[in-house]
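> Make a model of this:
(2 chains)
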Amino acid sequence: MNIKISTWNVNSLKVRLPQVLDWLREQQPNILALQETKLTDPDFPTLDIANSGYQVVFAGQKTYNGVAILSRLPASEIITDLPGIDDPQRRVLGATIGGIRVINLYVPNGQAVGSDKYAYKLAWLEALTGWLGNELVQHPRLIVLGDFNIAPEDRDVHDPAAWAGQVLCSTAERAAFQRLLGLGLTDTFRLFPQETGSFSWWDYRAAAFRRNLGLRIDHILASPVLVAVCTACQVDKAPRHLERPSDHTPVIAEFNLDSH
DNA sequence: ATGGTGGTTAGACCA
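Here you go, the predicted model:
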């Protein structure tokens, strides 16, 4: 059985719901992790999503952040916080779906190197890494995906010189990303040949998408057991071309669960 | 020209 696991920072699910429902119909993913839903839980469009044939779990708040996981199969073992961090910001959603442990992340943006938000981002990533080590031991079939707000390498940046040392590309952020990989996770996108200039986010300003001035900051990481059966990973740029798009576009990884 | 767009929400804050 080939399954598609996907992630998309929608920058307001209220605005983007029609695009998400269209995309589900077109792509038929087994799992879609959403970030920046920007909805409180009572406002979450559970019924519209159920009518599209998907179950959903979510953790939201007013105005900012908010994560959700849509899936064909039911979710269990749901967590909404990083252990050891008391954080009102809704940035984490973990669930077990069809025997796969899925951790959906909206990593803090960090605003600017040296800012309070940057320190919060690094502390958050440290707590995440400590916890994921344990998750990997408990769940051999583990996926960690979402908006990481980190471009791991220069080839993930349209202008590495201009971005050198800036937030999303700084040495400390990239080192934190490498520590996640060091746990035994793999960036599935780099398992496969990719076009030069493959990005997942483009600033709304300065016609950045038209000029492909982007960064690859949305990722799908997989544990060794799932890496062994990963058959594809790609960015789907189509939704970024739509009227009133999110500034991010979906990333999709495929796994052949019969091939091991 | 040191900005620029967009979402939320009603003046900023966040990205």
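> What count of nearby residues applies to A:Asp258?
8 (other CB atoms under 10 Å). In short, each C-beta sits where N, CA and C put it, glycine included.
> Contacts only, for it.
Neighbouring residues of A:Asp258 by CB atoms under 8 Å, 6 or more residues apart in numbering: A:Met1.
> Do you know the pLDDT at it?
Note on A:Asp258: pLDDT of 82.
> What's the separation between it and A:Arg72?
17 Å (CB to CB, to the nearest Å).
> Kindly report the same for A:Asp154.
Relative to A:Arg72, and taking CB to CB, A:Asp154 is found at 37 Å.
> next one: A:Thr96
Relative to A:Arg72, and taking CB to CB, A:Thr96 is found at 14 Å.
> again with A:Tyr106
A:Tyr106 sits 23 Å away from A:Arg72 when distances are taken as CB to CB.
> quick one: which of these two has more around it?
Neighbours per residue (other CB under 10 Å) separate A:Tyr106 from A:Arg72, with A:Tyr106 holding more: 25 against 15.
> For that one, grab phi and psi.
Per-residue torsions, A:Tyr106: phi -120, psi 90 (degrees, to the nearest 10).
> State the distance from the residue nearest to it when sequence neighbours are not counted to DNA strand B.
Nearest non-adjacent residue to A:Tyr106, counting by CB to CB, 6 or more residues apart in numbering: A:Gln35, 4.0 Å away. Distance of A:Gln35 to DNA strand B, given as CB to the nearest atom of the strand, to the nearest Å: 10 Å.
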